[in-house]
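Student: Sequence and predicted model, in that order:
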There are 2 protein chains.
Amino acid sequence: MHGDGALVKAFLEGQPRALARAISRSEAGAGAQTMRALYGRTGRAMTIGFTGPPGVGKSTLIGALIALVRRQAKTVGVVSVDPSSPFSHGAILGDRIRLAEHFTDTAVFIRSMASRGHLGGLAGATGDAVALMDAFGKDVVIVETVGVGQSEIEIAQLADTTVVALQPGSGDSVQLLKAGILEVADIFVVNKSDHPMALQLRREIRSMLEMLEFPGWEPPVVSTQATQGGGVGELWDAIAAHRDYLVQSGERTRKRRAAFLHQARQLAMGRMERRVDAALGALDTEPVQEADPYAAAERIVASVASSGEPAPPAESPAAPLRATVKGL
Amino acid sequence: MHGDGALVKAFLEGQPRALARAISRSEAGAGAQTMRALYGRTGRAMTIGFTGPPGVGKSTLIGALIALVRRQAKTVGVVSVDPSSPFSHGAILGDRIRLAEHFTDTAVFIRSMASRGHLGGLAGATGDAVALMDAFGKDVVIVETVGVGQSEIEIAQLADTTVVALQPGSGDSVQLLKAGILEVADIFVVNKSDHPMALQLRREIRSMLEMLEFPGWEPPVVSTQATQGGGVGELWDAIAAHRDYLVQSGERTRKRRAAFLHQARQLAMGRMERRVDAALGALDTEPVQEADPYAAAERIVASVASSGEPAPPAESPAAPLRATVKGL
């Protein structure tokens, strides 16, 4: 692909703009060449996933953690995944502002990405972004995502250490069970620990953890007050302890192999999705002959199997748009 | 398939157990035959999607709505989708309890389903469940889902009318923009309307709606107090008005065609997913030769294209289980 050689060269010279451009290529679905050239350099960074419901203070917490890591003279990359609308195609940058103090620090690379709720979203482009930051030489790579549900589980499949942040008095803990977060968290953070309900939330998390069996690492519950920086040192210690556990138990190798396979799966599914959408587009130009969705699906599958080449990278499939954002 | 004829016969005789069994078949990934036999009978029911963050009171609201619909001598089907853990494979039934008063009413059929956060989940088995309840003769079919994110958008692609319930003082409105819910809601409900922040939430929703252009239907904001039954009549009126709008504008036909294609797409993707997982499983039994995930994905895609028959319906792909629920 044109310009790949120059991009890889600039990347290897340590130019931050080359890192940014390489990530953009992956976001555009055209990252295969650069990733192939650079993937061999990955595997050194500590990768930390940060997740939790909206408003819990994740960005503040990450900001405080970055400050701490920077005092250890380590370099940091942040991938901030925004589960923004598949309809408006826009990322909301509000939370990002809280990370602004680090924007001017050249050893901190912050990248905001929109995961449009599609296959290949988080584990596709985000996985690439994490790998590229790792290959670029960042010591610590943090992936932040918002929301409760699939994205947390994706993060757990991507990062070495998954930190789940919760806030007291929000009923968060009840939702943990539903969303399957309990099983993927390596570390729990109770942020806003000065809240009167903080102790109760800690208790709830602990009693839920007691329902599970952990053959190896047992997730600690760390209390923080991110706005004051309280507990951030303890959080870092817990992350470092988990990293040590992963390395010593051999779990890190297993986890990274699972992440590799997971990412390969998502990339393959992304290609299949494009083929299916192309077949669906062809189906949509004619009156539907099929009597039921199963028959239509069979026709799509047959058409995909007989088509040789994948369609070019596509945007999200056409959704039933009822409203459009003014000015777009 | 063995027993399909008897199942379809019992279904057509109006036996609720046949409806339950037909839904179970679809859940097990074996619904093609029954769906083919019964799909021609769909298209009569009002389908209503109910969504919103956890704790907003959706089940109470739906319970009140069912009571109202039953007073009109209409029959009701409820599909309650639980975005439960892909790890523990269990659905949490807490919210269901609030619907219990209707469990004894034979004209109300309630079915709880676990969407495991996978492709084909909601639009696959849930789409089938809605179609089957419709084919069975239910006048109103309600789909309830929890959470903020992809599931709402899936519901909007499945149901004629999408109701988004929010509660005051929870910061919900800010998250609407992020999750793309604003664009898919046909009706907003501000539940717990006696809350001091209720008026502010209404204002916030309205000002966000002002940023959008609606060529046809403009989503109303209805205030309810579900526990007291307050506003439920107004909510039903808004749903009926939206149904009338859909019919008169011709939008209903377009929407149902889009839903048909969407469901065919999800079914096709589900088949592709099984093929990819089979190829991945084969890849996982040997040392990974590929230098990067892109190369591995290419090998998977090539293997899927050359394989003729789809693998049998599979459970979710193996996830990196760290903890298991005691007693399972």
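Tutor: Now that the structure is in, tell me what you want to look at.
Student: Wait, a strand at residue A:222?
Tutor: Yes - assessed by DSSP: H, G, I helix; E, B strand; the rest coil, residue A:222 belongs to a strand.
Student: Report pLDDT for it.
Tutor: The model reports residue A:222 with a pLDDT of 96.
Student: Please apply the same query to residue A:3.
Tutor: Looking at residue A:3, the pLDDT reads 71.
Student: Check residue A:148 too.
Tutor: Looking at residue A:148, the pLDDT reads 51.
Student: Check residue A:201 too.
Tutor: In this model, residue A:201 carries a pLDDT of 90.
Student: Is it correct that it falls within a helix?
Tutor: Yes - counting by three-state DSSP, residue A:201 is located in a helix.
Student: wait, it sits on residue A:188?
Tutor: No - the criterion here is CB atoms under 8 Å, and residue A:201 misses it with residue A:188 at 9.3 Å. Where you see a C-beta, it was placed from the backbone N, CA and C, and this is true even at glycine.
Student: Overlap in contacts, those two.
Tutor: Among the neighbours of residue A:201, those also in contact with residue A:188 (CB atoms under 8 Å, 6 or more residues apart in numbering or on different chains) are residue A:166.
Student: Now do the strands for the stretch 151-300 of chain A: every range, in order, please.
Tutor: A:161-166, A:187-190, A:212-213, A:221-223 (DSSP state E, counting those that start in this stretch).
Student: Tell me how far residue A:301 lies from chain B.
Tutor: Distance from residue A:301 to chain B, counting by CB to the nearest CB, to the nearest Å: 5 Å.
Student: Wait, that residue touches residue B:265, no?
Tutor: No - applying CB under 8 Å, one finds residue A:301 not in contact with residue B:265, separated by 10.9 Å.
Student: Neighbour count: these two, which is higher?
Tutor: Under the criterion of other CB atoms under 10 Å in any protein chain shown, the comparison of residue A:301 against residue B:265 puts residue B:265 first, with 25 against 22.
Student: The closest residue to the more buried one other than its chain neighbours: neighbour count?
Tutor: Ranked by CB to CB, 6 or more residues apart in numbering or on different chains and with sequence neighbours excluded, the top spatial neighbour of residue B:265 is residue A:280, at 5.3 Å. Residue A:280 has 23 neighbouring residues, counting by other CB under 10 Å.
Student: Touching, residue A:280 and residue A:299? I think so.
Tutor: No - applying CB under 8 Å as the test, residue A:280 and residue A:299 come out as separate, 9.8 Å apart.
Student: Which residue ranges of the stretch 201-328 of chain A form helices?
Tutor: Remark: helices assigned in the stretch 201-328 of chain A by DSSP state H, counting those that start in this stretch are A:232-249, A:251-284, A:293-306.
Student: how about these in CSV, adding mean pLDDT?
Tutor: Putting those into CSV (pLDDT from 0 to 100) gives the following:
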stretch, mean pLDDT
helix A:232-249, 97
helix A:251-284, 87
helix A:293-306, 85
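Student: For the residue nearest to residue B:265, give me its contacts.
Tutor: A:300, A:317, B:261, B:264, B:265, B:268.
Student: Show me just the buried residues among those residues.
Tutor: Among the contacts of residue A:280, those buried by neighbour count (16 or more other CB atoms under 10 Å in any protein chain shown) are A:300, A:317, B:261, B:264, B:265, B:268.
Student: Distance to residue B:69 added to the residues you listed, as JSON lines?
Tutor: Below are the buried ones among the contacts of residue A:280 laid out as JSON lines (distance: CB to CB, whole Å):
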{"residue": "A:300", "distance to residue B:69": "36"}
{"residue": "A:317", "distance to residue B:69": "34"}
{"residue": "B:261", "distance to residue B:69": "29"}
{"residue": "B:264", "distance to residue B:69": "30"}
{"residue": "B:265", "distance to residue B:69": "31"}
{"residue": "B:268", "distance to residue B:69": "34"}
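Student: from those, which is closest to residue B:20?
Tutor: Here the nearest of the buried ones among the contacts of residue A:280 to residue B:20, counting by CB to CB, is residue B:264; it sits at 24.7 Å.
Student: excluding its backbone neighbours, what's nearest residue A:39?
Tutor: residue B:292 (3.6 Å).
Student: Now do the one you found: how many residues are near it, please.
Tutor: Residues contacting residue B:292 under the criterion other CB under 10 Å number 22.
Student: ok, it to residue A:40 distance?
Tutor: Remark: distance between residue B:292 and residue A:40 (CB to CB, to the nearest Å) = 8 Å.
Student: Residue A:165 too?
Tutor: 34 Å.
Student: Repeat that for residue A:208.
Tutor: For residue A:208 relative to residue A:40 (CB to CB), the value is 41 Å.
Student: So these two - more neighbours on which side?
Tutor: residue A:208 (15 against 10).
Student: surely the more buried one meets residue A:181?
Tutor: No - between residue A:208 and residue A:181 there is no contact under CB under 8 Å: 10.0 Å.
Student: Identify the contacts common to the two.
Tutor: When CB under 8 Å, 6+ apart defines a contact, no residue borders residue A:208 and residue A:181 alike.
Student: Now do the same contact list for residue A:304.
Tutor: Residue A:304 is in contact with A:272, A:275, A:276, A:279, B:268, B:272, counting by CB under 8 Å, 6+ apart.
Student: Next, format those as a markdown table and append distance to residue A:50.
Tutor: Output for the contacts of residue A:304, formatted as a markdown table (distance: CB to CB, whole Å):
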| residue | distance to residue A:50 |
| --- | --- |
| A:272 | 30 |
| A:275 | 34 |
| A:276 | 33 |
| A:279 | 38 |
| B:268 | 35 |
| B:272 | 32 |
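Student: Can you tell me which of the residues you listed are buried?
Tutor: For these, buried by 16+ other CB under 10 Å: A:272, A:275, A:276, A:279, B:268, B:272.
Student: which one of those is nearest residue B:236?
Tutor: residue B:268 (36.3 Å).
Student: does that closest one really touch residue A:276, like I thought?
Tutor: Yes - look at residue B:268 against residue A:276 with CB under 8 Å: they come within range, at 5.0 Å.
Student: intersection of neighbour lists for these two?
Tutor: A:300, A:304.
Student: so what's residue A:10 up against?
Tutor: When contacts are counted by CB under 8 Å, 6+ apart, residue A:10 touches A:17, A:18.
Student: Quick one, grab the pLDDT at it.
Tutor: 96.
Student: quick one: residue A:58 from residue A:113, how far?
Tutor: From residue A:58 across to residue A:113, the span is 15 Å (CB to CB).
Student: Also residue A:300?
Tutor: Computed with CB to CB, the distance linking residue A:300 and residue A:113 is 29 Å.
Student: how many neighbours does residue A:228 have?
Tutor: For residue A:228, the neighbour count with other CB under 10 Å is 12.
Student: What of the one 10 residues further on?
Tutor: Neighbourhood size, residue A:238 [other CB under 10 Å]: 21.
Student: my read: it touches residue A:218, true?
Tutor: No - contact criterion CB under 8 Å: residue A:238 and residue A:218 do not qualify, at 11.3 Å.
Student: pLDDT of stretch A:23-40, averaged?
Tutor: 89.
Student: what residues does it touch?
Tutor: With CB under 8 Å, 6+ apart, stretch A:23-40 has contacts from A:1, A:4, A:7-8, A:11, A:22, A:111, A:113, A:124-125, A:128-129, A:131-132, A:135, A:270, A:313, B:291-295.
Student: Could you give the backbone dihedrals for residue A:137?
Tutor: phi 110, psi 10 (degrees, to the nearest 10).
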